[in-house]
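Trainee: mind folding the following:
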Amino acid sequence: MARRTSIGRSVITTKRSALLPDIPALSTAVASHGTQRTILTGAIKDYGDAIRLDPKNPIAICSRGLAWQAKNDFDRAIRDYDEAIRIDPKSTAAFTYRGYAWHNKKDYDRAIKDYNESIRIDPEFMDAFNSLAWLRATCPDAKYRDGKVAVEHAIKLCAKAQWKNSQYLDTLAAAYAEQGNFEQAIEYQEKALAAMEIEKRNGDEARKRLKLYGEKRPYRTE
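Mentor: Residues are numbered from 1 along each chain as shown. All right, here's what the predicted structure looks like:
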């Protein structure tokens with residue numbers, strides 16, 4: 001589920017992460033800036049200006065956190081999410097995005113806690129379900145993997161999206177692979193790849209996962 005917030009010249013949408021499947025981050029399109037680095041720098045400035053005008057605006061603060069996160073500055077991102085949550089304790093986006101940052105820092109306990117809190121606040125916020133399912137399916141630490149839970153979450157996601165969302169199908173494939181059900185992992189990975197959405201954004205990585213499943217090997221994030 002893409003979530004878009006626009007302030008000033010910059011727009012937040014979804015972008016593929018090396019760690020998580022299509023996590024919301026700063027778009028490389030839109031905005032009036034030329035390159036990815038310029039877009040991020042310009043976005044951080046724009047959101048900073050918005051925050052100075054309205055220091056209690058959780059949307060601007062959370063959006064700046066996404067821009068920091070897109071630059072892999074997870075500590076600054078977390079500080080922004082902390083502040084957004086302090087202002088709005090029911091911000092599902094801030095909890096989920098902070099979960100992404102903890103996930104990238106390999107602090108899986110905190111990531112799971114934030115994803116679960118986002119789901120508790122809004123059981124229909126699919127980004128949190130997708131991220132939790134992905135972590136449970138692909139975490140390199142076996143302590144946090146749970147194929148059964150991952151499949152349950154991913155099936156809910158796919159059904160909610162009428163089985164048309166490629167990132168959710170990608171997550172379901174990874175979940176089945178974690179369970180050792182490689183036949184279904186291949187089936188759903190092929191369905192994910194059939195959608196132009198994932199092909200354009202992350203086709204190479206998705207094909208690598210398909211190859212792994214064909215070799216009866218689950219996918220692990222680094």
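Trainee: domain map for the protein?
Mentor: If you go by automatic domain parsing, the domain ranges for the chain are 1-123, 128-222.
Trainee: average pLDDT for the last one?
Mentor: Averaged over domain 128-222, pLDDT sits at 94.
Trainee: distance between the ends of it?
Mentor: Length of domain 128-222, first residue to last, CA to CA, to the nearest Å: 20 Å.
Trainee: check the offset of it from the chain's centre.
Mentor: 13 Å (CA atoms, centre = their mean, to the nearest Å).
Trainee: the nearest residue to residue 85 once chain neighbours are set aside and residue 167, how far apart?
Mentor: The spatial neighbour of residue 85 that comes closest, neighbours along the chain excluded (CB to CB, 6 or more residues apart in numbering), is residue 94 at 4.9 Å. Every residue, glycine included, has its C-beta placed from N, CA and C. According to CB to CB, to the nearest Å, residue 94 stands 21 Å off from residue 167.
Trainee: what's the answer for residue 116, then?
Mentor: 20 Å.
Trainee: kindly report the same for residue 191.
Mentor: In terms of CB to CB, residue 191 sits 12 Å off from residue 167.
Trainee: that older thread, got the phi/psi numbers for the residue nearest to residue 85?
Mentor: Note on residue 94: backbone dihedrals following degrees, to the nearest 10 are phi -60, psi -40.
Trainee: residue 191 and residue 167 - which one has more neighbours?
Mentor: Using other CB atoms under 10 Å, the more surrounded residue of residue 191 and residue 167 is residue 167, with 28 against 18.
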